[in-house]
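Asker: Please work out how this folds:
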Amino acid sequence: MAAAAAAVALSNGSSGDSKAEFAEIYNKLKEEMLEDPAFEFTDESLQWIDRMLDYNVLGGKCNRGLSVIDSYKTLKGVDVLSKEETFLACTLGWCIEWLQAYFLVLDDIMDNSQTRRGQPCWFRVPQVGLIAVNDGIILRSHISRILQRHYKGKPYYVDLIDLFNEVEFKSASGQLLDLITTHEGEKDLTKYNLNVHRRIVQYKTSYYSFYLPVACALLLSGENLDNFGDVKNILVEMGTYFQVQDDYLDCFGDPEFIGKIGTDIEDNKCSWLVVQALEHADESQKCILLENYGKSDPESVAKVKGLYKELNLEAVFHKYEKESYNKLIADIEAQPSKAVQKVLRSFLDKIYKREM
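Answerer: Next comes the predicted model:
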């Protein structure tokens, strides 16, 4: 895919300059992967990987990747990075986007999904099928190749390897908890509670979506991640708030604004809303949930949504949102570094009351 197409994929990301630089570096990294001397590529395999990368790595908003650049600039206290600093920050950003692609390719197979980002899931594309499993492995291996090629001589190289390995482990473990809690064909709402929901969200989403971009920026800035435990905790809590908000919007959000029609009820998801409903419902209301949750017919979905309104879960969410926001602000303001405060606040400002 040409650089122009890569730039289109970043249309909802950061500043114009950052997006253009980011798009340009994707093409360089892809070219390096297609010319990797460790494997004797055939023309057919080169074409396959070329297409697979464009199909899966591109297409999202790239918020995670672009956040590395923005956070690095903030931590350094500059508006413009040097050419080398820009390349190193963008490359780590793309490593996160590669990681996201790896997760999504395999996640879609596990969930038996139909579409992703407005097009058929990669494994649904003709002639792909379960070759997509191997493609996921290739995507993950590319991250190691990119890190080795561009960061091996850096003092933080081992820390980067450890960081990506740890985040991958946490995310995969969160995915496992999600899968075994919401087995297809095995509806058991007794497994759903706030503690299980929190663990799924924190491990499956928060670490790689919120902590990883900032941790990469901190390492680029020469910092020791051991000194930023509080920052990690704040970002993980922010990710939890983000997912609770996402669960709320899945039911109560306007599809025109959020860009999708919510299906958490039909998909039997361990959503924050169903967990709250189970916490607040009396026995007769729980019976309505047990009878209708996880069914795809419109009547059952309507009964669940009606119960959510009856339990006034909108007000419960708004109370949670206000309390979460106030706590996050207090925790952010307690950070000794003004630059770190600014990074954290920028993340919070992007998600607070989004598309309500």
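Asker: hang on, Leu189 packs against Val274?
Answerer: Yes. At 7.1 Å, Leu189 counts as touching Val274 under the criterion of C-beta atoms under 8 Å. To be clear about C-beta, it is placed using only N, CA and C from the backbone, and glycine gets the same treatment.
Asker: In the chain, where is pLDDT below threshold?
Answerer: Applying pLDDT under 70 to the chain flags residues 1-17, 184-186, 256-260, 354-356.
Asker: can you pull out the strands in the chain?
Answerer: Assigned by DSSP state E, the chain shows strands spanning 115-116, 119-120.
Asker: Figure out which of those is closest to Asn268.
Answerer: Of all the strands of the chain, strand 115-116 sits nearest to Asn268, with 18.8 Å by C-beta to C-beta.
Asker: which outside residues touch the closest one?
Answerer: For strand 115-116, contacts defined as C-beta atoms under 8 Å, 6 or more residues apart in numbering pick out Gly59, Leu104, Asp108, Cys121, Trp122, Arg124.
Asker: could the residues you listed be laid out in JSON lines, adding neighbour count and distance to Tyr352?
Answerer: Shown next, in JSON lines, are these (neighbours: other C-beta atoms under 10 Å; distance: C-beta to C-beta, whole Å):
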{"residue": "Gly59", "neighbour count": "17", "distance to Tyr352": "26"}
{"residue": "Leu104", "neighbour count": "21", "distance to Tyr352": "25"}
{"residue": "Asp108", "neighbour count": "21", "distance to Tyr352": "29"}
{"residue": "Cys121", "neighbour count": "22", "distance to Tyr352": "31"}
{"residue": "Trp122", "neighbour count": "23", "distance to Tyr352": "33"}
{"residue": "Arg124", "neighbour count": "17", "distance to Tyr352": "35"}
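Asker: Looking at the residues you listed, which one is closest to Asp36?
Answerer: Trp122 (21.0 Å).
Asker: Which residues are in contact with that closest one?
Answerer: Taking C-beta under 8 Å, 6+ apart, one finds Met52, Tyr55, Asn56, Val105, Asp108, Arg116, Val128, Ala132, Asp135 in contact with Trp122.
Asker: In JSON lines, list those residues along with distance to Glu321.
Answerer: Converted to JSON lines, the contacts of Trp122 look like this (distance: C-beta to C-beta, whole Å):
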{"residue": "Met52", "distance to Glu321": "39"}
{"residue": "Tyr55", "distance to Glu321": "36"}
{"residue": "Asn56", "distance to Glu321": "33"}
{"residue": "Val105", "distance to Glu321": "33"}
{"residue": "Asp108", "distance to Glu321": "30"}
{"residue": "Arg116", "distance to Glu321": "28"}
{"residue": "Val128", "distance to Glu321": "40"}
{"residue": "Ala132", "distance to Glu321": "37"}
{"residue": "Asp135", "distance to Glu321": "38"}
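Asker: Quick one: residues contacting Lys46.
Answerer: Slight slip there: residue 46 is Leu, not Lys. Leu34.
Asker: Can you give me the neighbour number for the spatially closest residue to Ile288 that is not a sequence neighbour?
Answerer: Sequence neighbours aside, Leu307 is the residue nearest to Ile288 in space, at 5.4 Å (criterion: C-beta to C-beta, 6 or more residues apart in numbering). Neighbourhood size, Leu307 [other C-beta atoms under 10 Å]: 21.
Asker: Who are the contact partners of Leu307?
Answerer: With contact set as C-beta under 8 Å, 6+ apart, Leu307 has these partners: Ala277, Ala281, Gln285, Ile288, Leu289.
Asker: With respect to Tyr207, which of the strands of the chain lies nearest?
Answerer: strand 115-116 (21.2 Å).
Asker: what lines up beside the closest one in the sheet?
Answerer: Here strand 115-116 is paired, per DSSP bridges, with strand 119-120 (antiparallel).
Asker: Next, name the residue at the spatial heart of this structure.
Answerer: Geometric centre of the chain, nearest residue: Ser209, 4.2 Å, by C-alpha atoms, centre = their mean.
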